[in-house]
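S.K.: here is my input; please provide its structure:
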Amino acid sequence: MSGTILQKKTINYYKKKLKIEVSFFKNLDEFLNNDSSEVKTIEKDLLPNNLKFKNLVEGISYVFIFNSLIKTYCYIIANNRELFPEVNHIEKQNLIEKFEGKFENLEIEIDTNFFRNPSDSKTLKNFILLFKEWLIASKITNNQIKNITSNFERIFMLSMIQEWISRQSYYSQIESIFINSPFIDYTEERELHELYILYLTNYYISIILGDEKGMTLANLYVEPSASIFKECFTKETQKYLYHKEEVFWTLESYKSIHDIIYDFTKNTIKDKQSLENPNVNCLMILGYPGQGKTSLCYYTLYDLIESKKENSTKYYFIKLRNISETKELINNPIKIISSFIKDIHEIEFNRKDKNLVILDGLDELYMKEGLNSNDIDEFCRELGNISTLLPDTKFIVTSRYGYVNLERLKKNEFIILSLDEFDNERQQEWVDNYRIFHPESNLDLNQLDYINRNIPHVSELIRQPILLHLISKVKIDYDALSNRTDIYNKLFDSLILRKWEKKGQIENLRGLTKISLRRYIRDIALSIFQGDYEYIRKKDLEELPSTQSFLNKLEKDNLKDSLKSIMISFYFQEVKRKKTDTFEEDSSNYAIEFLHKSLQEYLVAEKIWYGFLELIDKRANGEYFIDTWQDALAYISEILSPKIISKEITEYLIELIQNEDDLQLKIDLKNRLSLYFNSFLNVHFYDTNQKSKNNIESSINTFYGFWTIFSHLDIDKNYISPQYKETFVQLLKWSLSKRHLYYNLSYQNLSHSNLNGVNFSEVSLLHTNFSHCALQGASFHRAFINKSILYNSELQRVDFSHAEIYDTNLTSCEFMNSNLSYTNFQKCNFSNSDFLKCFYLNTYFDSCDFSAVGNISKTDFYLCDKVIRPKNLSIINSIPQEKLKENNFLK
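M.R.: This next block holds a predicted model:
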C-alpha cells in the first residue's frame, strides 16, 4: 500500500459534518420522492471552521468519498424509482434516523487501491451492505435488491472519476499523501469509457419489458442452443454428413453457445478440422423475431466484461437501425461505425486495439429507405473484407432469417450460427425463472406440460421466448389460441380489460374508452414504423391527428402523464433521442419507443387491417363514409405509402385476415376493393395529393400493401384485366426488382408478359397463368406452384431450386441452363419441352409426363432418368423413339 489517509477511524469522528452539511438518508429520501430534486453534495471548497479533522487532507478526502457515494446511491435510485413503494411520513423519519446512526459508525480505510479498484475495498463493501439494509427497510424485495446493486462498484468508480474531474483543483491535495497519484487515469477519456461500459452492461441487468416487479433480463435469461450453417464445415465433413437434410448442423464439441462465442473472441474455436475457417473474424447469428438474438448479445457483453473480466478488449454495441448513413455504411462499414461511436458516445474506435463490435439487427437495414437485398449482400462482403484487414477486431452480426443470402457469404470470412427454438427443458427453466418474480402467473409447469402435450399449434409458438413471455403476462385460454397474432390480440385485449376491471379506468386515462385506447396505440405504432427512427419525437407525437382526438376524450389534458400510464401498461418506454436526430423544431430529448419490435409490428398490422375495414363502413342512410376511389386511395396511401410493410408485418396481416370469423365482412371488403382496383391501377396506385420524395416508391408501397390484403380475402378468380395487365406487371416488377416480397399471385393471369429477371422466391402461385411469358433469368426459388400454367414460356437460366411444383403445365417450354436442384416436381406435364444443360442435384420428378419431349441433351437425359419416381416409371419409355435416335441414346 502506498499510504493511508484514514487509519481505521470511524465516520463518527466527523459526526458534526454529516449533521451540519446534509443528512445523508434524508437526502436520498427527498431525491426518491421528488423528480426535480437535486443530489445534495458538499459543494464548498473550504471545510466549515467548526469541524475538526485530523488534517485538511482528511477532510477533503471525506468530502470526495461522501459526494461520490451520494451520487452512486442516487443514480441507482433514479434508475429504479418505480420499485420503491409509498412509505408514510412517520416510517420515513424512523428509517432515516435509524440509518443515519449506522452510517455514522461505519469504518473507513482507504489506500491507493481504493481509488484504483474500489471493488476490493472493505470500505466499499460496508457502503453496499448498509445500502442494502436501507433498501430492505424501504420494502424492496431481496431479488430486486440483488438486481439494482449488481453494478454498484462500477457506478461508484464512475462517480469518483466524475467527482474528481468536476473539482480537480480542490481534490488534488489528496495526491500529496501518496508516492504515486491514485488519480493518474481519472481523465475525461476514462470517464467516457466507464460511462460506455456501464451503458453496455446495463442492458443485461435492466428491467425487462417494463416489468412492474423489477425482473431483469439477467433474472429471466435462458441460454439457447445453436447450430452452424453446413457450408461453414469443410468439404470433407460435408461429405461425411451428406445424409443430413438440415441446413444447420451441430458442432459436436460444444454444448454451449456461450462457449462458442467466447472461443470465437479468443480465436480458440475447437473442432478446427471440422470448420472451413475456425479463425474468422465475423460471426453471424440468425434467429426468428423474439427468439433472443439481442438478449444473447446483452449476455455476451455482460459475461465478457463483468464475469470473465476480459478488460484488454474494447467493446462496442450498435443497433443498426440507429445508423442514418445507411448507404455509406454499406460501402464503408468501419468508417461509419467509427463515426457513429464517436458522435453518439464520444469515444474513439481504434483499429489497432483489440475490439469486439456487435452489430445488432442487420434485417432492419433492409427496411431503410432505398435499400434492397443486394445492398445487404454488399454490406456483408465489405464487412468480411475489412475483417481480414483487422486481425484484432471481431465482429458479431445478428439478423432475422430471410434477410441475408447465406450462399453469398464467404465461408472463409464468416461463421454462421442459427439459434434453435426453445425445447421443453429450456421452456421449463424459463417458467421457473419467471415465477420467482411472478408466482401469480397463470403459466406454471403443469400448464406448460398441458400445452406441449395437447395444443400443438400453441406449443409451436412458445418455442420463441417473446411469445412465452407474453402468454405468461395475462390469463388466456390457451386452447383458444390459434397463431401468433391471436396471442398479441388477446394480450392487448387482456391488458386493457385488466386495467379497467382493477380500478375502473386508469386515473390518467379517465374519459377514454377501451376501443379508443387500442386505436391510439395503433396510431403511435404506425407513426414509429413510418419514421426514420425506432421512436417517435415528442413534437411529432403531439402533432398526430389521433393525439388531439385522444386528448379531447380525456378528462385532463396532460399528455405526458397520460402517456406514462400507456407506456407502463402497453410496453412502451421513454428514450432519449439519438444525437444524429437533429430535427430543429423539437429541442426536447423526450421520445418513446416499444420495448420489443414485435409488439410494434403487430400493432402496425392491426392498424392496416382495421384501416381497410373502414372502407366498408356506412352511414345511417347506407352511404359509405369513404365513397369515391379517389378518397379511398388517399386514405390507404396515408397508411401504406410512406414505407413498404416488412415480412413480419405482412405475416401478422395475413394471420389477422385468417382469424377474422365474419365471412360476410371479408366478402364485402373483397367486393369493395375489386371495385377500386382498376381505378387504382390506372393511376399506378399513386395519390397525387401525397407528399413523397419518390413517386415510384410510394406507388410500390401502396400497391404491395393493398394486394397483400386483397389477395388473401379468399379470392378465387383473376382480377387482372387485359387493359391494366401491363400496369400490374410493371408495379410487380418494380417491387420485386430490389426486394424480397411475399406476393400471393394465385388465380391471376399474367400470360404474355415480360417477366425476365423477376424474383418470385417464396411467392404463392396457385392456378397462376404464366403461359407465353418471357421468364429468362427469373427466380422461383422456394416458390410454391400448384395447378399453374407455364405453357410455351421461356425458361432459360431460371432458378427453380427448392421449389415445390405440383400438377403444373410445363409443356412446350425451354429449360436451358436452369437450376432444378432440390426441386420437387409432382404430376407435372413436360410434353414437347426442351432440357439443355440444366442442374439436377437432388431433383425429384414424381409421376410426371415426359411424352413427346422436345430436345434433350445426353447429359440431361441421363440425369433426369436417375431422379425419376416411382421406380417403375422410366424416362426412356416416355420419350419418342425418334428423339432417342436423334440424340444417339439408342444404338
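
S.K.: report the separation between S119 and Y171.
M.R.: S119 sits 21 Å away from Y171, going by Cβ to Cβ, to the nearest Å. For glycine as for every other residue, the C-beta is placed from the backbone atoms N, C-alpha and C.

S.K.: mind listing the residues bridging to E794?
M.R.: Legend: beta-bridge partners of E794 under DSSP bridges are A774, E814.

S.K.: check it and give its pLDDT.
M.R.: What the model reports for E794 is a pLDDT of 93.

S.K.: contacts only, for it.
M.R.: Shown in contact with E794 (Cβ atoms under 8 Å, 6 or more residues apart in numbering): 773-776, 813-814.

S.K.: go on, Q796?
M.R.: Neighbouring residues of Q796 by Cβ under 8 Å, 6+ apart: 776-777, 814, 816-818.

S.K.: now the contacts of E794: which count as buried?
M.R.: Buried residues within the contacts of E794, counting neighbours by 16 or more other Cβ atoms under 10 Å: 773-776, 813-814.

S.K.: closest to R381 out of those residues?
M.R.: Q776 (26.2 Å; Cβ to Cβ).

S.K.: wait, is the closest one part of a helix?
M.R.: No: remark: Q776 does not belong to a helix; assigned using DSSP: H, G, I helix; E, B strand; the rest coil, it is coil.

S.K.: can you give the distance of stretch 642-653 from its chain's centre?
M.R.: Centroid separation between stretch 642-653 and its chain, computed with Cα atoms, centre = their mean, to the nearest Å, is 14 Å.

S.K.: tell me which residues are up against that stretch.
M.R.: For stretch 642-653, contacts defined as Cβ under 8 Å, 6+ apart pick out 289, 367, 369, 400, 402, 484-485, 488, 529-530, 598, 601-602, 604-606, 608-609, 692, 697-698, 700-701, 704-705, 708-709, 712, 735, 739-742.

S.K.: swap in stretch 262-273?
M.R.: With contacts defined as Cβ under 8 Å, 6+ apart, stretch 262-273 is touched by 234, 237, 251-254, 260, 275, 278-279, 283, 303-304, 308, 310, 313, 356, 394, 396, 415.

S.K.: flag every buried residue along that stretch.
M.R.: Judged by neighbour count using 16+ other Cβ under 10 Å, the buried positions of stretch 262-273 are 262, 264-265, 269.

S.K.: least confident pick among those?
M.R.: For the buried residues of stretch 262-273, the model is least confident at I269; its pLDDT is 86.

S.K.: helix/strand/coil for that residue?
M.R.: Three-state assignment for I269 (three-state DSSP): coil.

S.K.: also L286?
M.R.: In three-state terms, and counting by three-state DSSP, L286 is strand.

S.K.: how many residues are close by the nearest residue to Y624 once chain neighbours are set aside?
M.R.: Using Cβ to Cβ, 6 or more residues apart in numbering and skipping residues adjacent in sequence, the residue nearest Y624 is K618, 5.6 Å away. Counted with other Cβ atoms under 10 Å, residues neighbouring K618 total 12.

S.K.: what's the answer for A620, then?
M.R.: Look at A620: counted by other Cβ under 10 Å, it has 5 neighbours.

S.K.: in which helix or strand would I find it?
M.R.: Assigned by DSSP states H and E, A620 belongs to neither a helix nor a strand.

S.K.: out of S119 and Y171, which sits in the busier spot?
M.R.: The residue with more neighbours, out of S119 and Y171, is Y171; 21 against 13, by other Cβ under 10 Å.

S.K.: pretty sure the more buried one contacts I60?
M.R.: Yes: in terms of Cβ atoms under 8 Å, Y171 counts as a neighbour of I60; the distance is 6.2 Å.

S.K.: doesn't Y742 fall inside a strand?
M.R.: No: per three-state DSSP, Y742 lies outside any strand segment and is coil.

S.K.: isn't Y742 up against E762?
M.R.: Yes: Y742 lies in contact with E762 (Cβ under 8 Å); the separation is 6.0 Å.

S.K.: in the stretch 201-350 of the chain, which spans are helices?
M.R.: Taking DSSP state H, counting those that start in this stretch as the test, the helices found in the stretch 201-350 of the chain are 217-220, 235-240, 257-266, 293-302, 326-331, 333-345.

S.K.: could I get the ones you listed as TSV with distance to S833?
M.R.: Formatted as TSV, the helices of the stretch 201-350 of the chain follow (distance: least, Cβ to Cβ, whole Å):
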stretch	distance to S833
helix 217-220	57
helix 235-240	33
helix 257-266	48
helix 293-302	45
helix 326-331	41
helix 333-345	46
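
S.K.: the ones you listed: which one's closest to T843?
M.R.: Nearest of the helices of the stretch 201-350 of the chain to T843, taken as Cβ to Cβ: helix 235-240 at 19.1 Å.

S.K.: which positions in that closest one come out as buried?
M.R.: By neighbour count on 16+ other Cβ under 10 Å, the buried set for helix 235-240 is 237-238.

S.K.: what does that helix contact?
M.R.: 230-231, 273-274.

S.K.: follow-up on the earlier one: which of the contacts of stretch 262-273 count as buried?
M.R.: Counted by 16+ other Cβ under 10 Å, the contacts of stretch 262-273 give 237, 251, 254, 260, 275, 278, 283, 303-304, 310, 313, 356, 394, 396, 415 as buried.

S.K.: which of these fall within strands?
M.R.: Among those, the members falling in strands (DSSP state E) are 283, 356, 394, 396, 415.

S.K.: for these, work out which two are farthest apart.
M.R.: L356 and I415 (14.5 Å).

S.K.: let me see the domain layout of this structure.
M.R.: Domain assignment for the chain by automatic domain parsing gives 9-185, 221-420, 426-480, 745-891.

S.K.: straight-line length of the third one, end to end?
M.R.: This means domain 426-480. With Cα to Cα, to the nearest Å as the measure, domain 426-480 spans 24 Å from end to end.

S.K.: which of the contacts of Q796 sits closest to C380?
M.R.: In terms of Cβ to Cβ, no member of the contacts of Q796 lies closer to C380 than G777, at 22.8 Å.

S.K.: contacts only, for that closest one.
M.R.: By Cβ under 8 Å, 6+ apart, the residues touching G777 are 756-757, 796-798.

S.K.: pLDDT at it, what is it?
M.R.: You'll see G777 listed with a pLDDT of 95.

S.K.: same deal with E30?
M.R.: Here the pLDDT value assigned to E30 is 65.

S.K.: same thing with I261?
M.R.: 95.

S.K.: got a list of what it touches?
M.R.: When contacts are taken as Cβ under 8 Å, 6+ apart, I261 is in contact with 283, 296, 300, 396.

S.K.: same check on N79?
M.R.: Contact analysis of N79 by Cβ under 8 Å, 6+ apart lists 148, 206.

S.K.: for N142, see how far away it is.
M.R.: Distance, N79 to N142, using Cβ to Cβ: 19 Å.

S.K.: what of N749?
M.R.: Computed as Cβ to Cβ, the N749 to N142 distance reads 68 Å.

S.K.: one step back: most surrounded residue in the contacts of G777?
M.R.: Of all those, the highest neighbour tally under other Cβ under 10 Å goes to V798, namely 28 neighbours.
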